[in-house]
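**Q** Got a predicted structure here, sequence first:
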Amino acid sequence: VFTKSNYCVPICQNEMHFGADPSPVPFLLHQAWLEHHSRSLGLFIDGKFVCPADGRSCSLADSKGSIVCSTACAEEADISQCASSAVNGFKSWSSLSCNQRAKVLLRLVSVLGQHGQCFSELCELCEASCSTAALVRLLQFYSSWAQLRDTLLTDWTPLGVVAVVTSKDCSLYSLLLKVLPALAMGNSVVVVPGQSTAPPVLLLAQLFTGAGLPAGALNVLTGSDITLGVKVSQNHSISYVNYSGNKEDGVMLCKATAGMGVPVSVSPCIGAICPFIIFESADINSAVDEVMEAAFRKKKEVFWVLCVQESVVDSVVAHLRLRMAKMKCVTLHSEADRERLDAAVQEAQQLGATLVQSCADPTSGAQYPSTVLCGVAPSSPCVVNPCPGPLLPLMTFRSNTEAVTLGNHSPHGQAASIWTEDLTLALETARSLSVGSVWVNSHSISDPCLPVCGHKDSGTCTDGGQEGLYQFLRPSSSSPPLPRSSPVSMDYTQFGTEASPPIIPDESDPARYVSPQSHLQFVAGKACKSVSGCSVAVQSPGGGGGVLAYCPDGGRKDVRNAVEAAIKVQPGWMKKSPSARAQSLYSLAKGLESKRRDIAAAINTQTGLSMDEAEKEVELSITRLSVWAAYCDKVQGGSLPMPNSGSALSIPEALGVMGVVLPDKNPLLSMVTVLGATIATGNAVIMVPSQKYPLPALAFIKVLQSSDLSAGLVNVITGSRDQLTVALANHSVIKAIWYWGSAEGCQYLQYTCTSPLKTLRLCKDQEGKDGELNWTQCHPSFLEEMWRSAVQWKSVWIPTA
Amino acid sequence: MRILGATDDEVDKRQRSLSLNMSPRNPGTTLGFHAETLNVRCKVTTGEVSEAVRDLEWISKVRVNTQAVLKRAQFIQRQKIPKKQWQAAWLLKAVTLIDLTTLAGDDTSSNVHRLCLKAVQPVRYDLLKKIDMHDKGVTTAAVCVYPSRVTDAVRSLKAANSSLPVASVATGFPAGQTPLETRLQEVRIAVSDGATEIDIVINRMLAITGQWEAMYNEIRQFREACGPAHMKTILAVGELGSFTNVYRASMVAMMAGSDFIKTSTGKEAVNATYPVAIVMVRAIRDYFMSTGHKVGFKPAGGIRTAEESLVWLTLIKEELGDDWLCPGLFRLGASSLLADIERQIYHQVTGQYAAYHDLPMA
């Protein structure tokens, strides 16, 4: 009830106000929960909260700067306690039936129905954006996958203990998009959240335990920065490390775990530069509204760059100017951000950029008006090195092709938003953009049913969808992973620089002496010598027989030439229809068949295998090529339901140019298997045959020469393995390296291939021990795992009414 | 428009301006077929306001993305609405924007008379007095009737000493399926009977078949027939088929000189919806950007609750800004809405929920 005295109608000259900000609703539930923990949250280990061993903690402040609670800082003792709990957790969790696991995930949904309010309050307090609805969707999606794991993913088995590490700026949603599938597939998980997301994650872990998750299946370790993530990853119980967050921390994690023998996947989803492309055929009004929403929100994970077709740029800028006029300033994270923004805007203006700004620039404080920088170019510092804050660079393009060029011309490949009412143009552009997610006439939609896979420098793993489950599984036929190794101390600058032994005329018994044959390598469709002109000697099997042949000593320049040729033909090869690719592979198989005797002989002389067994290997190789040919049109995505209405496509795409360092075992079969997996999926490949047994691969060059594969699609370079590994690692066009070789080589690649990120598939050659691939097997999961490592996924979202 | 805290002078001014409470009139634009005018000319950016020559060919190029508009509409509906006394203020504001309407076959002078008196005193005097708004001239924006009832309405309002404008629908309302000559005549008669606002309906046939130039010419003639009366053009969006067509029809209507564009007659299956309104107000914004003329917007049909009226105000505030929140540029066409708003204000003032009979009927 109000009276005259307190009644004040805030209508004044047509200004409609909402009144004072309503006093914030007292968040009672989460406060009660925090109070219950005395505002000092411990670690979550073995199904309960545990105080850290040395009692250290750091405090967490909310956006206004007041202390919310403190979180524990885990130390070595806690990590090992956690790891052993996770190992036990894995045992009990993975021994449950699929149905039981699915039930636990579903039960969490109903638990959330009860405690959802507390969870969302806590999320809001910690600015860890993840709505309860989104979480429920995730849980329902992954519980169905948990239920159907053994039905739809036969022959796959969980990895063990998975560590999910995030940087401090990573959203809760991205974190859960890794934690939940890992759990659904039967792994136990150790989560190392960023500090601000820690309280909701801890609450969730507690709720999960309440929903029936066995103790130890989900443990949460908190700390102050990424060093904890590094320490956890170094623990020997961890089978797989999955990181999400900013690039710097990701690189640090990769480097720190090099040589530990644990695969590390990285999705640097924070800080990617994403194009927002407006074509002249777009609904300009809607596009402008959405770009403002995307670019000027307070907490944004990516940097948008607005690309507008020249013919409509005036209209877009006029709309922006009118629409932005009444926007309020955006609150920044810190005063330092404000200084950086001021400097960036000033620099842009000096380079001729004009501003469209919402309101007058507040003179002080951590606030900044929404700003569009018109007239910048791809070379402008604000585009190359964007700084956090409500800044939106605007560039123009002339044609549809130029839009794609502009959008692709960045090291990032996270996502793009394209605006056009022209369906053909939309699909063509979506196909041509090298990004993981394309949103047509929309932006920032996410749903667990579609894969999220950063291309280029934006990631080495696929999350979400069925595609994203395989990272948490291994083929049941593969032998369990080897015990973890310790990194060797090595000088990364010296690796692979050792010169090959010089070849000098030798004076062995002249009567027996037949000059060993000199082989050629295969670069850009031509059999040729190495650029250096040097050769290395190939020893005969058993070591005692002396020099068997000479093969080229390939190096950096050979790799360079091969990549040049490969990158030219790879897009054309990928564009070919799957059946055309299949035909090429079939004819390759046929070519191998016609030269079976020569190649069997090469295997025989090279490895000392009996002629019978050699022929068997050739036979298997022919079959393998035919299998891959058949796979060509089976590797496909599909159309998936959108969360609301519309269509979404998931498309497998080739990685690009791949480098492969082949194992000594089954020199022909292994080469043919890898060759088939890579080119069947549309990649170009540069193969380095086993340094010890190169002859079968070199004999295979004849088959390649007589095939109809475009020149440069497949290259074979022989020589020192280490030297060539270094050459492959240091070429940025190469998107992925599959490596079979020394522990040092693995460590070198893990350490080096971080900038730009390369997808690595490393396998240590350990003589006489299990753990090597059995190349002769033909389990479906063995081949599936291989082609899945040779593709990256693209999701195209086309919401419709 | 200032309601509270206004000096008596200003209130007087408003009272005087009630009959002329329209914004400056929209002269419309002439048609030209020049290649260089294919795009919107953004006069706003240069501050230059002149009669722009626009091309109808450009109209046919405009595209509207349905799902993006729907998403925007959801966003608008999710916006927080004001609470407590601010809500009361917004509701009072909404009252002043209502075109209180009766458009039924059984309208007679007696129910039109009741309507007019309700329009003059839309909220119970004692309620307004309690919140000190009784002397601020709170009336609805206009009354809206059929052409044959214009004389009745004008007479009733005159008798009540009110200068409230009388709006009349015309041009073969609601279908518009009568000969052009009789439609024009209808407009002229309504104006001569004292209507100062004419709600015309467009010829849907022309819009659906894409005969934009013919539609332009027809509306131009209506505009001439209106003379001094302001013209509101009803697009009957429920029958236009697509958002793109709604945008095009809005643009042509404005180019032909409409002072308002209005969603629907209230007689179609689909009436005023938020998504369609977004398309129309965006057209208004684009027209303003290219010509500098502000054209008004009137949603009508199916607006019944106080809460809906708040969403409508929010929509205008979000899409066009506060400038448009005045009777000269925004109207709510409604008949039963007022009763619900009055009940809400009753609740705000007294803390009790009113029964319908507690409040005077229209």
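**A** In hand now; what should we look at? Numbers count the residues shown, from 1 in each chain, chains lettered A, B, ... in the order given.
**Q** CA atoms only: put stretch A:567-574 into CSV for me.
**A** Presented in CSV, the C-alpha positions along stretch A:567-574 are these (Å, rounded to 0.1, in the frame of the first residue of the first chain):
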residue,chain,number,x,y,z
ILE,A,567,48.7,-28.0,-49.3
LYS,A,568,48.0,-27.3,-53.0
VAL,A,569,46.2,-30.5,-53.7
GLN,A,570,44.6,-31.3,-50.3
PRO,A,571,41.6,-29.0,-50.6
GLY,A,572,40.8,-30.4,-54.0
TRP,A,573,41.1,-34.0,-52.7
MET,A,574,38.8,-33.2,-49.8
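**Q** How about the residue of the stretch 151-300 of chain B found nearest chain A: what's its closest non-neighbour residue?
**A** Of all residues in the stretch 151-300 of chain B, residue B:282 sits closest to chain A, at 4.4 Å by C-beta to the nearest C-beta. For the C-beta atoms, the positions are set from N, CA and C on the backbone; glycine is no exception. With C-beta to C-beta, 6 or more residues apart in numbering or on different chains as the measure, residue A:285 is the residue that lies nearest to residue B:282, at 4.4 Å, once sequence neighbours are left out.
**Q** and that neighbour, how many neighbours?
**A** Using other C-beta atoms under 10 Å in any protein chain shown, residue A:285 is surrounded by 27 other residues.
**Q** which strands and helices sit next to whichever strand or helix holds it?
**A** Residue A:285 belongs to helix A:284-295 when assigned by DSSP states H and E. Helices and strands touching helix A:284-295, by 3 or more C-beta pairs under 8 Å, 6 or more residues apart in numbering or on different chains; DSSP states H and E, are strand A:273-278, strand A:303-309, helix A:313-324, strand A:391-397, strand A:415-419, helix B:66-78, helix B:274-291.
**Q** what residues does that helix touch?
**A** Contacts of helix A:284-295 with the rest of the structure, by C-beta atoms under 8 Å, 6 or more residues apart in numbering or on different chains, involve A:276, A:278, A:300, A:304, A:306, A:312, A:315-316, A:319-320, A:323-324, A:327, A:370, A:390-392, A:417, A:419, A:441-444, B:64-65, B:68-69, B:72, B:282, B:285-286.
**Q** With just CA atoms, put stretch A:600-617 into CSV.
**A** Presented in CSV, the C-alpha positions along stretch A:600-617 are these (Å, rounded to 0.1, in the frame of the first residue of the first chain):
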residue,chain,number,x,y,z
ALA,A,600,57.1,-58.9,-50.9
ALA,A,601,60.7,-59.3,-51.9
ALA,A,602,61.5,-55.9,-50.5
ILE,A,603,59.9,-56.9,-47.2
ASN,A,604,61.9,-60.2,-47.3
THR,A,605,65.2,-58.5,-47.9
GLN,A,606,64.5,-55.7,-45.5
THR,A,607,63.2,-57.5,-42.5
GLY,A,608,64.4,-61.0,-43.1
LEU,A,609,60.9,-62.3,-42.9
SER,A,610,60.3,-65.4,-45.0
MET,A,611,58.9,-64.9,-48.4
ASP,A,612,55.6,-66.6,-47.4
GLU,A,613,55.1,-64.3,-44.4
ALA,A,614,56.1,-61.3,-46.5
GLU,A,615,53.5,-62.2,-49.1
LYS,A,616,51.0,-62.5,-46.3
GLU,A,617,51.7,-59.0,-45.2
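**Q** Could you give me the buried positions within it?
**A** For stretch A:600-617, a neighbour-count test (16 or more other C-beta atoms under 10 Å in any protein chain shown) marks A:600-607, A:609, A:614-617 as buried.
**Q** Grab the nearest non-local neighbour of the residue in the stretch 601-750 of chain A that chain B sits nearest to.
**A** At 6.7 Å from chain B, residue A:646 is the closest residue in the stretch 601-750 of chain A, using C-beta to the nearest C-beta. Leaving aside its sequence neighbours, residue A:646 sits nearest to residue A:799 (C-beta to C-beta, 6+ apart; 3.7 Å).
**Q** burial of the closest residue to residue B:284 other than its chain neighbours, as a residue count?
**A** In space, and not counting its chain neighbours, residue B:284 is closest to residue B:295: 5.1 Å by C-beta to C-beta, 6+ apart. Neighbourhood size, residue B:295 [other C-beta under 10 Å]: 29.
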